[in-house]
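Participant: got a predicted structure here, sequence first:
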Amino acid sequence: MGKTVDMSDFDALTDNMEEHLNKQGCSLGDEAERLQKLLFSIQYCYIHGVLTDSQCKQANQKFLKKFNAALHELTPEEIKKNSEKGK
């Protein structure tokens, strides 16, 4: 995908990743819920001392590969479907 998405103001523990991406014209498709839970789990384990800094960095790098593989620009059909959900 050639589009750049801004995740700088995204909070992994409280924000909905798919909604954040949809606002930028992108989606994770069927992987959205699984990736949301995965990112939350990585952050939760780090905050509670289960993962060290280096383990968290490694887990985030693996997560990013999965995130990038699932990330795609919304099609016109998906945009229409998402706008109908918001009504």
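Facilitator: Looks like it came in fine. Worth saying up front: this structure is predicted, and the values here are computed from it rather than measured.
Participant: now find how far off-centre whichever strand or helix holds Leu35 is within its chain.
Facilitator: Per DSSP states H and E: Leu35 is located in helix 32-47. From the chain centre to the centre of helix 32-47 is a distance of 9 Å (CA atoms, centre = their mean, to the nearest Å).
Participant: next SSE downstream of that helix?
Facilitator: Downstream of helix 32-47, the first helix or strand assigned by DSSP H and E is helix 53-70.
Participant: quick one: buried residues of that following helix?
Facilitator: By 16 or more other CB atoms under 10 Å, the buried positions in helix 53-70 come out as 56, 59-60, 63, 67, 70. From N, CA and C alone the C-beta is placed, and that goes for glycine too.
Participant: cool, and stretch 34-51?
Facilitator: 35-36, 38-39, 42-43, 46, 51.
Participant: with distance to Val5 and pLDDT added, can I get those in TSV?
Facilitator: Shown next, in TSV, are these (distance: CB to CB, whole Å; pLDDT from 0 to 100):
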residue	distance to Val5	pLDDT
Leu35	13	96
Gln36	15	95
Leu38	17	96
Leu39	14	94
Ile42	19	96
Gln43	19	94
Tyr46	23	96
Leu51	25	97
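Participant: redo the residues you listed as TSV? Include distance to Ile79.
Facilitator: Converted to TSV, these look like this (distance: CB to CB, whole Å):
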residue	distance to Ile79
Leu35	20
Gln36	20
Leu38	26
Leu39	24
Ile42	30
Gln43	29
Tyr46	35
Leu51	37
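Participant: re the thing from before, name the nearest of the buried residues of helix 53-70 relative to Asp15.
Facilitator: Phe67 (14.2 Å; CB to CB).
Participant: contact partners for the closest one?
Facilitator: By CB atoms under 8 Å, 6 or more residues apart in numbering, Phe67 lies in contact with 28, 35.
Participant: any low-confidence regions in this structure?
Facilitator: For the chain, the stretches with pLDDT under 70 are 1-2, 86-87.
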